[in-house]
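Visitor: Prediction below, plus the sequence it came from.
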Amino acid sequence: MDLNSTNASPVLTDPSPLNESRLGIHSSLFPYSQSGPSFSTSVLSIPRKKPPKLDDGRSNSWLEAMRSSSPPRKKILKEVNIDVSSDDADVAYLSWMIKYPSALNCFPQIMRQARNKQIVIFLDYDGTLSPIVDDPDRAFMSNEMRSAVSNVAKYFPTAIISGRSRDKVYELVGLPELYYAGSHGMDIMLPVENTLATDDANCIKATDQQGKEVNLFQPARKFLSMIDEVFRTLVEKTKDIKGAKVENHKFCTCVHYRNVDQKNWSVVGEYVVDVLKGYPRLRLTHGRKVLEVRPEIDWDKGKAVEFLLESLGTYVAPSYFHVEIDWTKEKQIRALAYQIHVLRGKYNGYGILVSTIPKESKACFSLKDTSQVKKFLESLAKTREVEEDTGERS
């Protein structure tokens, strides 16, 4: 499939606030008020200079955090006392699956528990629908995976929730029938028929490239100019660091150091920390060999999941699957805690970790890689197809 010609990202035009209150979303789901001065969007002239030297303790702390955000396979295995030979690693993975059983092996049990509930699917993109690669711009999902996602969306509401910008995820996935939440859930797009509307200034209407009206919920809209300012600053500061890549994900700025020589990781980290000194309303988090600068607001992927579930307005208790790669305890503790609250609370959700190696997680089940994710989605679609054909829909 030629993504450039057939799956172009929607171009949003003439956004306007939504004034009609048609959405029954709990007020507790909206972030706190973001009062404060407007942010400058002027182009900065930034002198190129070395960052101020951090004290040893602080420098070592950030460097260790960067190293631990994506440790090598051998290091992870050694930390749990596993021999790094392939045989031992395979045995360790099978032992680990006792605690995190395969969602494929447990599929009949999962579907029995979901009977008489509205199933909703939430998927991450990187590492779930596409493999993790050195160049984020080359993280393409296969046509087979795209077909599996499209088929499952025929039967169940399906959303992609990613740290990438919403436009970029839409471009990579290319399926207009899905729900999209980019920038870690801070930029949500729903079809207008879902009647997402509220007097909140963060809800707007927009038009995509095909002229179709959509609804957007953007709880960090007031931070757009600030994020763009930080993005341009970091592009300038890191341009001489070989392998460094800075991406503007609209509501967050990401600094990738996957292809940076490890001896320069501390320089990357110091640049980012130094820039953030001037932005107390932004915070720094870690991903897989990436530093992420985000607004300091009470919003994350977990709240995006609940927002989408509330907006669907189902009349039966939902049971949802959240399939993603980052269910580890070291990944955004606050966001993770909220996701678990939603998962094991009123929505009866199932967290599914995608991982090729044993790791501690808050997920209920596991899948080993993207090929197993595809099989899981295909099984969901096939089960519902059979139920509809036989009149036994759960």
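Guide: Structure received. Since the model is a prediction, treat every value here as computed from it, not as a measurement. Numbering: from 1, shown residues only.
Visitor: Could you find the closest non-adjacent residue to residue 153?
Guide: Counting by Cβ to Cβ, 6 or more residues apart in numbering, residue 153 lies nearest to residue 177, which is 5.3 Å off, once chain neighbours are set aside. The C-beta positions use only the backbone N, C-alpha and C, and glycine is treated the same way.
Visitor: any idea how far the one you found is from residue 160?
Guide: 11 Å (Cβ to Cβ, to the nearest Å).
Visitor: Neighbour count: those two, which is higher?
Guide: residue 160 (24 against 11; other Cβ atoms under 10 Å).
Visitor: Tell me which stretches of the stretch 201-350 of the chain form strands.
Guide: With DSSP state E, counting those that start in this stretch as the criterion, the stretch 201-350 of the chain has strands at 203-207, 213-217, 245-248, 253-256, 282-287, 290-295, 318-324, 350-354.
Visitor: Quick one: low-confidence residue ranges for the stretch 201-350 of the chain.
Guide: Residue ranges of the stretch 201-350 of the chain with pLDDT under 70: 208-210, 313-320, 325-347.
Visitor: ok, which stretches of it are helices?
Guide: For the stretch 201-350 of the chain, the helices defined by DSSP state H, counting those that start in this stretch cover 224-238, 265-276, 301-312, 333-343.
Visitor: So which of these is the most surrounded?
Guide: Here the criterion is mean neighbour count by mean count of other Cβ atoms under 10 Å, and of those the winner is helix 301-312, at a mean of 22.
Visitor: still on that earlier bit, which one, of the helices of the stretch 201-350 of the chain, ends up nearest to residue 97?
Guide: Nearest to residue 97, of all the helices of the stretch 201-350 of the chain, is helix 333-343, at 19.7 Å by Cβ to Cβ.
Visitor: burial of the spatially closest residue to residue 162 that is not a sequence neighbour, as a residue count?
Guide: Excluding the flanking residues, the one nearest residue 162 by Cβ to Cβ, 6+ apart is residue 125, at 4.3 Å. If you count neighbours by other Cβ under 10 Å, residue 125 ends up with 22.
Visitor: wait, isn't residue 125 in contact with residue 173?
Guide: Yes: here residue 125 reaches residue 173: they are 7.2 Å apart, a contact under Cβ atoms under 8 Å.
Visitor: shared neighbours, those two?
Guide: Residues touching both residue 125 and residue 173 (Cβ atoms under 8 Å, 6 or more residues apart in numbering) are 141, 160.
Visitor: List the contacts of residue 243.
Guide: Contacts for residue 243 were tallied using Cβ under 8 Å, 6+ apart; they are 257-261.
Visitor: And it, how far from residue 134?
Guide: According to Cβ to Cβ, residue 243 and residue 134 sit 9 Å apart.
Visitor: coming back round to it: which one of the contacts of residue 243 sits closest to residue 109?
Guide: The closest of the contacts of residue 243 to residue 109 turns out to be residue 258 (Cβ to Cβ; 37.7 Å).
Visitor: what sits against that closest one?
Guide: Contacts for residue 258 were tallied using Cβ under 8 Å, 6+ apart; they are 70, 134, 243, 288-290.
Visitor: now with 10 Å?
Guide: Contacts for residue 258 (Cβ atoms under 10 Å, 6 or more residues apart in numbering) come out as 70, 132-136, 243-245, 288-290.
Visitor: And these, which two are furthest apart?
Guide: 132 and 244 (18.1 Å).
Visitor: if you count what's nearby, which of the two comes out ahead?
Guide: Looking at residue 132 and residue 244 with other Cβ under 10 Å, you find the greater number of neighbours at residue 244, namely 22 against 16.
Visitor: contacting residues for the closest residue to that one other than its chain neighbours?
Guide: Of all residues not flanking residue 244 in the chain, residue 238 sits nearest, at 4.3 Å (Cβ to Cβ, 6+ apart). For residue 238, the contacting residues are 244-246, 255-257, 260, 264, 267-268, 271-272, 275, by Cβ under 10 Å, 6+ apart.
Visitor: and which of those residues is nearest to residue 228?
Guide: Distance to residue 228, by Cβ to Cβ, is smallest for residue 246 among these, at 11.8 Å.
Visitor: on that earlier part again, any of the contacts of residue 258 buried? List them.
Guide: Taking 16 or more other Cβ atoms under 10 Å as the criterion, what is buried in those is 132, 136, 244-245, 289-290.
Visitor: From what I see, the residue nearest to residue 162 and residue 324 are in contact.
Guide: Yes: judged on Cβ atoms under 10 Å, residue 125 makes contact with residue 324 at a distance of 8.8 Å.
Visitor: any common contacting residues for the two?
Guide: 161-162.
Visitor: Redo the buried ones among the contacts of residue 258 as JSON lines? Include distance to residue 101.
Guide: Putting these into JSON lines (distance: Cβ to Cβ, whole Å) gives the following:
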{"residue": "132", "distance to residue 101": "23"}
{"residue": "136", "distance to residue 101": "31"}
{"residue": "244", "distance to residue 101": "40"}
{"residue": "245", "distance to residue 101": "37"}
{"residue": "289", "distance to residue 101": "29"}
{"residue": "290", "distance to residue 101": "30"}
